[in-house]
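Enquirer: coordinates only, no sequence provided:
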């Protein structure tokens, strides 16, 4: 439970917990959506490159052959990559290589017969520094009966149990991730350097390992040995910036998938709907439209001799995140099939360093929307900062602090449509030009950052507005006319001494705020239940 008192009429509070829930890294994965309707083009709102070395680019080097460059990303040793065809196509795409010094992913796409064909696609590369608990392996071609350790340069297990492979027949493999639980989680699989297709044949616990069975076939449906890449999210982890589902009732009109194999970072419901043969929509409730206008989604078939592709994803009715999936047989006809999806919602945070004349420092700026951040000086002490395609608005809160050896301070105004309004003041509360740092966080951030906008200063007790608040541990309650903010389910650690709190006043006035006290729960749990309940 965290408490503070403020003097302004409205405030945004940001809580970062470093006790019970801790994220590991700010980077560790990249992705891109490429549309090819004549000339391949990178779709910036659906592309992420935290390396910051320049825009992501794509070049078509031959029929269905593409090179996607992620400058300064580090793609190479310690990474793995997969690709999925995008749109209502019976074709498919595989990764044929990745690495430096240009930090590229090579992708080859095919029609349903296995011949090279131009296609739209989505690509994802994950490193061993990722903060989503994604384990992976690039599995080299093996003959039946062989067993070996996966190449450590292209495999990752967050446990110490390592990764090993056993070939159990032509085109059939078991991949062991030692020490990881297989009582839930998800799997994604893509053939590598071939026109084969690989699918998930299930997973289980064998020898205290997450053991995924993979089957691969050629374009004619015959079992075939091939290299492949496998991504897994093991059971028992709940990373905030990720969602996944095993859809295993292929002929059912609508159903709720098994909870252990389906995960929604908001904690809300997941639903699968079959609209016609081979056409499905997976709905994640609780993600507002503002946070789902980007991100990345992969699909893997869970059926024999079928292929499943992501058709689209984005905002659905009633604050949902909807993923559309189509499945096909080997001759390109629609067919019902089990499938798995892995979704990475947009990064969920953005920041910028801006000087007093509204010049943005690119080296200290990050925009999940991919486009350059800009700032405008609209009056004395008044600024707007624009993060194109970021989704900043509903589901986000900003934080602002003045920058440099000055006694100025800065407050957030409003935020919508990727634009944040900022007001700065001198020590006496008069408008004053100032350099500042602005950061914004959404409820898809993968950093376990909880937040709330406190905006009812004359109300004794109320539930925080869910459109501008987020708590990975549960609900948020506000009491004592805004001076008490309770994040249910979060633990500040022994004595309440762990974690941190940041405050920002909201509005055009020169109000300031002060943190009086921040405490954790008792006996490992929150005190909030006996203080206030909604």
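Expert: Looks like it arrived, so ask away. Source: prediction; values computed, not measured.
Enquirer: show me the strands in the stretch 1-150 of the chain, by range?
Expert: With DSSP state E, counting those that start in this stretch applied, the stretch 1-150 of the chain shows strands at 2-6, 11-16, 29-36, 40-42, 57-62, 65-69, 79-85, 92-99, 104-110, 121-127, 135-139, 147-149, listed in chain order.
Enquirer: tell me which of these sits nearest to residue 279.
Expert: If you check each of the strands of the stretch 1-150 of the chain against residue 279 by C-beta to C-beta, strand 79-85 wins as the nearest, at 15.3 Å. (Glycine included, C-beta is placed from N, CA and C.)
Enquirer: what's the angle from that closest one to strand 104-110?
Expert: 30 degrees (axes from the mean of the first three to the mean of the last three C-alpha atoms, to 10 degrees).
Enquirer: so which other helices or strands are in contact with strand 79-85?
Expert: Contact here means 3 or more C-beta pairs under 8 Å, 6 or more residues apart in numbering; DSSP states H and E; on that basis strand 79-85 packs against strand 92-99, strand 104-110, strand 121-127, strand 135-139, strand 186-192, strand 227-233, strand 296-301, strand 307-316.
Enquirer: quick check: the residue positioned nearest the centre of the chain vs residue 272, distance?
Expert: Averaging the C-alpha coordinates of the chain gives a centre point, and the residue nearest to it by C-alpha atoms, centre = their mean is residue 344 (3.2 Å). Residue 344 sits 19 Å away from residue 272, going by C-beta to C-beta, to the nearest Å.
Enquirer: repeat that for residue 244.
Expert: Plainly put, residue 244 is 12 Å away from residue 272 if you go by C-beta to C-beta.
Enquirer: likewise for residue 461?
Expert: When C-beta to C-beta is the yardstick, residue 461 and residue 272 sit 39 Å from each other.
Enquirer: now the strands for the stretch 151-300 of the chain?
Expert: Per DSSP E, counting those that start in this stretch, the stretch 151-300 of the chain has strands spanning 155-156, 163-169, 172-178, 186-192, 197-205, 209-217, 227-233, 243-247, 254-255, 262-263, 270-276, 279-285, 296-301. These are given in chain order.
Enquirer: give me the domain ranges for the protein.
Expert: For the chain, the domain assignment from automatic domain parsing gives the residue ranges 2-21+448-531, 28-131, 133-238, 239-346, 349-442.
Enquirer: could you dump those into CSV and include mean pLDDT?
Expert: Supplementary listing: the domains of the chain in CSV, determined by pLDDT from 0 to 100:
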stretch, mean pLDDT
domain 2-21+448-531, 53
domain 28-131, 93
domain 133-238, 93
domain 239-346, 88
domain 349-442, 89
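Enquirer: burial of residue 336, as a residue count?
Expert: By other C-beta atoms under 10 Å, the residues close to residue 336 number 19.
Enquirer: give me the three-state assignment for it.
Expert: In terms of secondary structure, residue 336 is coil; the call rests on DSSP: H, G, I helix; E, B strand; the rest coil.
Enquirer: who touches it in this structure?
Expert: 250-251, 274, 277-278, 327 (C-beta atoms under 8 Å, 6 or more residues apart in numbering).
Enquirer: okay, residue 111 and residue 122: tell me how far apart.
Expert: In this structure, residue 111 and residue 122 are 18 Å apart, going by C-beta to C-beta.
Enquirer: settle it for me: which of these two has more neighbours?
Expert: Of the pair residue 111 and residue 122, residue 122 is the one with more neighbours under other C-beta under 10 Å, namely 28 against 19.
Enquirer: residue furthest from the geometric center of the protein?
Expert: residue 428 (42.1 Å).
Enquirer: and that residue, how far is that from residue 409?
Expert: Summarising the geometry, the distance separating residue 428 from residue 409, computed by C-beta to C-beta, is 11 Å.
Enquirer: any idea what the residue nearest to the centre of the chain is bridged to?
Expert: Note on residue 344: beta-bridge partners residue 296, judged by DSSP bridges.
Enquirer: can you pull the contacts of it?
Expert: With C-beta under 8 Å, 6+ apart as the criterion, the residues that contact residue 344 are 29, 31, 124, 132, 241-242, 295-297.
Enquirer: and what of residue 384?
Expert: The contact partners of residue 384, by C-beta under 8 Å, 6+ apart, come to 375-376, 378, 419-422.
Enquirer: do you know how far it is from residue 399?
Expert: Using C-beta to C-beta, one obtains 16 Å as the distance from residue 384 to residue 399.
Enquirer: quick one on the thing from earlier: of the strands of the stretch 1-150 of the chain, which approaches residue 186 most closely?
Expert: It is, among these and with distance given as C-beta to C-beta, strand 135-139, at 11.1 Å.
Enquirer: what does the closest one rub up against?
Expert: If you take C-beta under 8 Å, 6+ apart as the criterion, strand 135-139 is touched by 80, 126, 150-151, 154-158, 163, 165, 173, 175, 177, 180, 192, 210, 214, 227-234.
Enquirer: now stretch 204-214: buried residues?
Expert: Residues of stretch 204-214 classed as buried by neighbour count (16 or more other C-beta atoms under 10 Å): 209-214.
Enquirer: just give me the closest of those to residue 438.
Expert: Checking the buried residues of stretch 204-214 against residue 438 with C-beta to C-beta, the nearest one is residue 210 at 40.9 Å.
Enquirer: partners of that closest one in the sheet?
Expert: residue 177, residue 205.
Enquirer: next up, the contacts around the nearest residue to residue 116 once chain neighbours are set aside.
Expert: The spatial neighbour of residue 116 that comes closest, neighbours along the chain excluded (C-beta to C-beta, 6 or more residues apart in numbering), is residue 64 at 4.0 Å. Applying C-beta under 8 Å, 6+ apart, we find residue 64 in contact with 93, 108-110, 116-119.
Enquirer: hmm, try it at 7 Å
Expert: 108-110, 116-119 (C-beta atoms under 7 Å, 6 or more residues apart in numbering).
Enquirer: can you get me a residue count around residue 169?
Expert: The tally of other residues near residue 169 (other C-beta under 10 Å) stands at 11.
Enquirer: ok, now which ones touch it?
Expert: Contacts for residue 169 (C-beta under 7 Å, 6+ apart) come out as residue 144.
Enquirer: could you measure from it over to residue 441?
Expert: With distances taken as C-beta to C-beta, residue 169 is found 48 Å from residue 441.
Enquirer: I figured residue 225 hits residue 170, correct?
Expert: Yes - counting by C-beta atoms under 7 Å, residue 225 touches residue 170, with 6.1 Å between them.
Enquirer: please identify which of the two sits among more neighbours.
Expert: Comparing residue 225 with residue 170 by neighbour count (other C-beta under 10 Å), the higher total belongs to residue 225, at 19 against 14.
Enquirer: could you find the closest non-adjacent residue to that one?
Expert: With C-beta to C-beta, 6+ apart as the criterion, residue 225 has its nearest non-adjacent residue at 5.3 Å, and that residue is residue 141.
Enquirer: roughly how far apart are the one you found and residue 380?
Expert: Applying C-beta to C-beta, the value for residue 141 to residue 380 is 67 Å.
Enquirer: likewise residue 210?
Expert: Here the distance between residue 210 and residue 380 works out to 59 Å (C-beta to C-beta).
Enquirer: residue 417 now?
Expert: Residue 417 is 24 Å from residue 380, where distance means C-beta to C-beta.
Enquirer: ditto for residue 259
Expert: Taking C-beta to C-beta as the measure, residue 259 falls 55 Å from residue 380.
Enquirer: same deal with residue 436?
Expert: In this view, residue 436 and residue 380 are 14 Å apart by C-beta to C-beta.
Enquirer: which residues does stretch 159-166 contact?
Expert: Contacting residues not belonging to stretch 159-166 are listed as 137, 139, 142, 147-150, 155, 157, 173-180, 209 [C-beta under 7 Å, 6+ apart].
Enquirer: show me how far it is from its chain's centre.
Expert: Here stretch 159-166 is found 25 Å from its chain centre; the criterion is C-alpha atoms, centre = their mean, to the nearest Å.
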